[in-house]
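Q: Here's my sequence, what's the structure:
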Amino acid sequence: MIYKKDYIIKILNLIKSVILTYFKIKKNISDTMFNLSGNRALSFIIILMLLTDIVVLFNVPFLRPVLTFIFLTFIPGMLILEILKINISNILKRIVLSVGLSVSFLMLLGLILNSFYPYILKPLSLYPLLISLNILVTLLIFAAYKVNGDRLNIENINLDLNFKSNLSSMVIFPILFPFMAILGTYLMNVQQNNVILLLLMFIIPLYIIILIYLRNKISNFTFPFSLWMIGLTLLLVHGLTSFNLIGRDVHQEFYCFQLTLENFHWNLFSYYDPYNACVSITILPTIYHVLLNISPEYVFKLVFALIGSIIPMITYFVFKKFIKRTYAFYASLFFIFQIFFIFLLGAVRQEFGFIFFFLAVMVYFDTEIRDIAKKIIFSIFIFSVLISHYTTAYIAITLMLLILITPFIENLVLKRKLTFINLDVILIILFLTFIWYIFAAQVQFESGASAVTATVSSGGNGGSSVASSSGGSSLLLAVFGIGLKSTANWISVIVNDLTFIFIGFGLLSITWKFKYYINKIGLQYLVGIYVSILLLVTVVLFPFASQLYGAERLFIQLLIFLAPVFVIGIISATKIIRIPRAKHVVILAILISLFVCNTNLHAHFLGTPYSPYFDNSGAARDEYFIHNEEIVAANWLSNYGLNKTKINSDLITKTRLGYANINSNSSFLLENVTPSGYLFLGYANVISGKMYKSDGELRNMDNTTAMNIDKYMHLFLGKSRIYDNGFSRIYY
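A: Coordinates of the predicted model:
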């Protein structure tokens, strides 16, 4: 204890000496040199950088991950905003821009450092990262000072919040939500106690109702901040369920991250796959892990939840540009209550694709940002989409290029003028796309080209060959209630179908009053709406497309344009039936129903356990909750029994084997033949006595679709149990 105390005192004395030395140097610098006198923001940034260096080098517990996360995630972007002289008064809008630019900065820094291999054998290790980060941030500080002089724009920001007001509690209260999520998931993980999580699921809708009731009295700060807290809460509930990763794609993403982390170098050809070409799941988590020194899994579960929580605020600022703030709040809730947002940490590369795409849309339609700065930031975010996720980038570039050429076509058709508006931005996007896909990530281009070819081919035969087998088309059939068995599933379908109906009402209303909405919303955003509808229709007409990307993934990406249409649809519907005053009640009823259905709260109380969060059993819990013993068994198989022998498992146990970098075969269950090689059983097989053989079983809330393992005992004939830890078994 004495040693630890002395160690802490030495660190504090060192920090004190560094700070005193800094102020001594600062005082003696002449006015013609880099003098920061009177600039509190730059002084704070320099001190924070020095403190970050100290806590990283001395590996100070708690302070290292906290201070380093704040520095990495906010400071570079904030300095870039100052250099570009972007004077945005809304502090939350400034935060989301700072976070987006900071993460872009880190990914670009990682790419540049990685290019020095083999001159630097481990370019993404601690010292190369820390040294280069300090150099670049110092240059940004110097540039920010030269551009702005003694005072940064951030010092003029007004919080727009009076904590002495009685309504300040509406801002303070949602801060409890993330802490309830952390405590609730912990209790559920260790004690299977779901009381706090269920309480949280009731409190969030109640808080929203009260917030809307007080909508005319609260500050402008309250709506976006509450969205931030609610979004973070939902991401944490998902991410912190189980002490291991939870989801499907995330396991392969984590494998790609481990390949980069193992060598502190990103090598696309070590695993030539579109996943491994995504910087968001290779270089970026490596930087955060190396500098924060936290568990690799918690980079994905916690750090990326904190970053992803800004998405609801981004959507709010986009929507608020076109509709009133209360309606923008509704539209953002509609977005974050989508099931794919709740599951977003299960597809991290897509999370970052969404962040940068939505930021690009926000910047493009923002009137506070001057033209040159807007083009620079917009181009940065579009390139960040490219290097984050390939499919999100395909959709994003398609939409944005059509929006960018709209002014050119409008002037040509209506004014008979040949004006090359946005030509420079279009050329930049095409150039960056060409450079990335041809020279850096050709595997993603090849994957995209083959996907398009397959989609076109399926259209030639009506899509019949894939419609019956594709998971995506099964989901589309569920929209019409086909293949559903449980009451909970029927309720979910009805609620979700209602949202589509109201989007249809909104589209009809916009089309009917087209001139009005051109003046209110603008032609370019309307183009985004109509193109989004066209893309959704394409998924319905070509079922193979929904298998390749997923209808729910496409839908949530397009909500950056369609969520306001949903709100407009309800407003229009209430006017048609002559109860316009009921619009808030109808919107809240639909949104809360959507929340209840997509968190599977209704299924829980109807006796159909389908939530991986607050149910102890059920298909979703079996799939997503990974026990440590299952990973131990997978590692044992990797270390002692693999020898290039075929590994077999059911559908959900594949993710457990992924922790040991093992690919498995699950088709033997469909073929109903005794498999050759190893047979790996996980918790759901051993303890729950269930086997899962098709993707459709996991999407259906009716647990009778999970087959009893006794029906497959004939597949074990001739095999011996060679490993058993109580939760997992291995046969050979």
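
Q: Mind picking out the helix or strand in this protein with the poorest mean pLDDT?
A: Counting by mean pLDDT, DSSP states H and E, the chain has its least confident helix or strand at helix 464-467, which shows a mean of 39.

Q: what residues go with each domain of the protein?
A: Split into domains by automatic domain parsing, the chain comes to 2-84+126-145, 355-440, 451-611, 619-731.

Q: With distance to residue 266 and mean neighbour count added, can I get those in CSV?
A: C-beta here means a position set from N, CA and C on the backbone, and glycine is covered the same way. Shown next, in CSV, are the domains of the chain (distance: least, Cβ to Cβ, whole Å; neighbours: other Cβ atoms under 10 Å):
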stretch, distance to residue 266, mean neighbour count
domain 2-84+126-145, 13, 16
domain 355-440, 11, 18
domain 451-611, 24, 18
domain 619-731, 17, 18
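
Q: mind checking which of those domains is nearest residue 220?
A: Closest approach to residue 220 among the domains of the chain (Cβ to Cβ): domain 355-440, 14.3 Å.

Q: residue ranges of the helices in the stretch 601-732 of the chain, please?
A: 601-605, 619-624, 628-636, 654-658, 667-671, 683-686, 695-699 (DSSP state H, counting those that start in this stretch).

Q: hmm, back to that, mind checking which of the domains of the chain is nearest residue 298?
A: Comparing these by Cβ to Cβ, domain 2-84+126-145 comes nearest, at 9.1 Å.

Q: Relative to residue 359, how far out is residue 88?
A: 13 Å (Cβ to Cβ, to the nearest Å).

Q: Check the contact lists of the two and give me the overlap.
A: Taking Cβ atoms under 8 Å, 6 or more residues apart in numbering as the contact rule, residue 88 and residue 359 both touch residue 97.

Q: Chain neighbours aside, what residue packs nearest to residue 115?
A: residue 123 (7.9 Å; Cβ to Cβ, 6 or more residues apart in numbering).

Q: and what of residue 360?
A: Counting by Cβ to Cβ, 6+ apart, the residue nearest residue 360 is residue 381, at 3.9 Å.

Q: got the CA positions of the one helix or strand the one you found maps to in CSV?
A: Taking DSSP states H and E as the definition, one finds residue 381 inside helix 371-388. Taking C-alpha atoms only, helix 371-388 is exported to CSV below (Å, rounded to 0.1, in the frame of the first residue of the first chain):
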residue,chain,number,x,y,z
ASP,A,371,-19.2,26.7,-48.6
ILE,A,372,-15.5,25.9,-48.6
ALA,A,373,-15.5,24.4,-45.1
LYS,A,374,-18.7,22.4,-46.0
LYS,A,375,-17.1,20.9,-49.0
ILE,A,376,-13.9,19.9,-47.0
ILE,A,377,-15.9,18.3,-44.2
PHE,A,378,-18.4,16.6,-46.5
SER,A,379,-15.5,15.1,-48.5
ILE,A,380,-13.9,13.8,-45.3
PHE,A,381,-17.1,12.2,-44.1
ILE,A,382,-17.8,10.5,-47.5
PHE,A,383,-14.2,9.1,-47.6
SER,A,384,-14.7,7.9,-44.0
VAL,A,385,-17.9,6.0,-45.2
LEU,A,386,-15.8,4.4,-47.9
ILE,A,387,-13.2,3.1,-45.6
SER,A,388,-15.7,2.1,-42.9
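
Q: What is the subsequent helix or strand relative to it?
A: Next element after helix 371-388 (DSSP H and E): helix 390-414.

Q: what's the angle from that following helix to helix 371-388?
A: 140 degrees (axes from the mean of the first three to the mean of the last three Cα atoms, to 10 degrees).

Q: one step back: quick one: the residue nearest to residue 115 from residue 682, how far?
A: 38 Å.

Q: now do residue 135
A: Taking Cβ to Cβ, one finds residue 135 at 48 Å from residue 682.

Q: How about residue 308?
A: With Cβ to Cβ as the criterion, residue 308 and residue 682 are 28 Å apart.

Q: One more: residue 72?
A: Applying Cβ to Cβ to residue 72 and residue 682 gives a distance of 36 Å.
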